[in-house]
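Novice: turn this into a model:
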Amino acid sequence: MSLPSLSRLGLVRRTLALGALLAVAGIAQAQTSTPIRLLVGFPAGAGTDALARTIADKLKDELGAPVVVENRAGAGGQIAAQLLKNSPADGHTFFVSHDHTISILPAVTKNPGFNPATDFTPVAGIATFANVLAVSGGTPANNIQEYVNWVKTKKDGKDSIGVPAPGSIPVFLTQLIGKKYGIDVQAAPYRGGAPLLADMMGNQIAAGIAGVPDLMELQRTGKVRVVAAVGAKRDPLLPQVPTFTELGFDNLADYPWYGVFAPVGTPQPVVDKFGAALQKVLAQPDTKKKLSDMGLHVNYESQGQFAGRVRSYTQTWEGIIKASGFQPQ
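Specialist: Model prediction:
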C-alpha cells in the first residue's frame, strides 16, 4: 500500500472517530434537554401548583434542562400519584405533593392505585405549613372557647365545620374538636378550599379547617379569624394563635408538609442531583420570600430526613384515622 493510501486511511479513521464523538455528544445534549416533568395533583392556580411553578422556574437553571409543571388534577392527588407509579424511573418525572396524597389517601381509600412505601422514592422535603381552625367574620368569636360557647348557646350545641375534601385531615380534626369540647360538630366537605372560603366570606358557614396557605390572605384582611393551629409551637406567621397542643389535644404537633417524590428505582445519583438542586433553589432569598408569602415555612430536608418525616407523620395519622372508626371508601 502506498504512503498516500495510508494517509487517506488515517484520515478516514480520524473522520469516523470524530463522527462517533459528535454522535455521543449529540445524544448527551438530547438527554440534557429532555424536559423534566413535575407532576402536580391539583389544578393550575392552587397552592401546590403555585409552589411547583415557583421552584420549577429555578430548577431549570440548576439542572440544565427544561422543567415543566404538569397538572393531573383529581381525587386529592390520586391521579397524579398513579401516573408517577407508572412512569419510567429515568429521572425525567417527579411528583410535588403535600401530605394528603401520600399519608392520608392510602388510609381512607380502599384501592388508591399506589403504595407510597413501595412505589415511590422520597427525594427531598420542601416546606411545612399548619392546618388551622378559622371562624367567619360574621361569627362572634375571637378564640376557640368563644366559638364553642357560641355553638352551645346559639346553635343548640350543633354546627358544621367546612373542610376542603372528604376523608381529609380536617375531617378528623373536626371529630377531635367535637369530642374535646362536647359539641356536635360535623364536617361539611367541599370540593376544594376555594368554595369553602367563599362560603366563609359570605357567612354561609361559621367555621372551617384548611391550611394556612389557603387562609393567609383572608386572615390578614380580617375576613376570617384563625383560632387554633396544628404544630408543636406557635406558627411564626400566626404568633397570636394557640396551637391545638397548647389547648390540650394529643398527636397534633407535626406540621403537614410538601415534598418531592420519584418513581421507585430512580437511580440514586439522579435523586441526589435533584435534591442538591432543590436545596440551592430553596436557599435563594426571593424563593424563600415568595413561599413565605404563601404561608409556607421553607424547610429543605435531605432524602433521609424527609423519608423519616413522612414515616412518622403517616403513622400518627393512621392511628388517628383508625381510632375514629372511619371506614375506607
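
Novice: tell me the pLDDT at the closest residue in space to residue 120 that isn't next to it in sequence?
Specialist: What sits nearest to residue 120 in space, not counting adjacent residues and going by Cβ to Cβ, 6 or more residues apart in numbering, is residue 261, at 4.4 Å. C-beta: built from backbone N, CA, C; applies to glycine. Looking at residue 261, its pLDDT reads 98.

Novice: swap in residue 217?
Specialist: For residue 217, the model assigns a pLDDT of 85.

Novice: before we move on, what about the one 10 residues further on?
Specialist: For residue 227, the model assigns a pLDDT of 97.

Novice: you'd agree it is in a strand?
Specialist: Yes. Judged by DSSP: H, G, I helix; E, B strand; the rest coil, residue 227 forms part of a strand.

Novice: and the longest strand for the chain?
Specialist: strand 120-128 (DSSP state E).

Novice: buried stuff in that one?
Specialist: 120-128 (16 or more other Cβ atoms under 10 Å).

Novice: where along this structure do the strands fall?
Specialist: Secondary structure of the chain (DSSP E): strands located at 36-40, 67-71, 93-98, 120-128, 131-136, 158-163, 184-189, 207-211, 224-229, 257-263, 297-301.

Novice: which one of the ones you listed lies closest to residue 310?
Specialist: Nearest of the strands of the chain to residue 310, taken as Cβ to Cβ: strand 120-128 at 5.9 Å.

Novice: can you map out the helices along the stretch 151-300 of the chain?
Specialist: Using DSSP state H, counting those that start in this stretch, the helices of the stretch 151-300 of the chain run over 169-181, 193-201, 212-220, 268-282, 285-293.

Novice: equivalent analysis for the stretch 1-150 of the chain, please.
Specialist: Going by DSSP H, counting those that start in this stretch, the stretch 1-150 of the chain shows helices at 3-33, 47-63, 78-85, 99, 105-108, 116-119, 144-154.

Novice: run through who's touching the last one.
Specialist: Put plainly, it is helix 144-154. Applying Cβ atoms under 8 Å, 6 or more residues apart in numbering, the external contacts of helix 144-154 come out as 133, 135, 139-141, 157-159, 177, 181, 183, 185, 206-207, 227-228, 242, 247.

Novice: restricting to C-alpha, output it in PDB.
Specialist: Output of helix 144-154 as PDB, limited to C-alpha atoms (Å, rounded to 0.1, in the frame of the first residue of the first chain):
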ATOM      1  CA  ILE A 144     -61.800  28.600  70.100                       C
ATOM      2  CA  GLN A 145     -63.500  28.700  73.500                       C
ATOM      3  CA  GLU A 146     -65.700  31.600  72.400                       C
ATOM      4  CA  TYR A 147     -66.600  29.600  69.300                       C
ATOM      5  CA  VAL A 148     -67.500  26.600  71.400                       C
ATOM      6  CA  ASN A 149     -69.600  28.700  73.800                       C
ATOM      7  CA  TRP A 150     -71.400  30.300  70.800                       C
ATOM      8  CA  VAL A 151     -72.200  26.800  69.400                       C
ATOM      9  CA  LYS A 152     -73.600  25.700  72.700                       C
ATOM     10  CA  THR A 153     -75.700  28.800  73.400                       C
ATOM     11  CA  LYS A 154     -76.800  29.900  69.900                       C
END
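
Novice: how far off centre is that helix?
Specialist: Put simply, helix 144-154 sits 33 Å off its chain's centre (Cα atoms, centre = their mean, to the nearest Å).

Novice: now do that helix against strand 131-136, angle only.
Specialist: Computed by axes from the mean of the first three to the mean of the last three Cα atoms, to 10 degrees, the angle separating helix 144-154 from strand 131-136 equals 50 degrees.

Novice: what comes up buried for helix 144-154?
Specialist: 144, 147-148, 150-152.

Novice: pLDDT score assigned to the spatially most central residue of the chain?
Specialist: With distances taken as Cα atoms, centre = their mean, residue 98 lies nearest the centre of the chain, 1.9 Å away. pLDDT recorded at residue 98 is 95.
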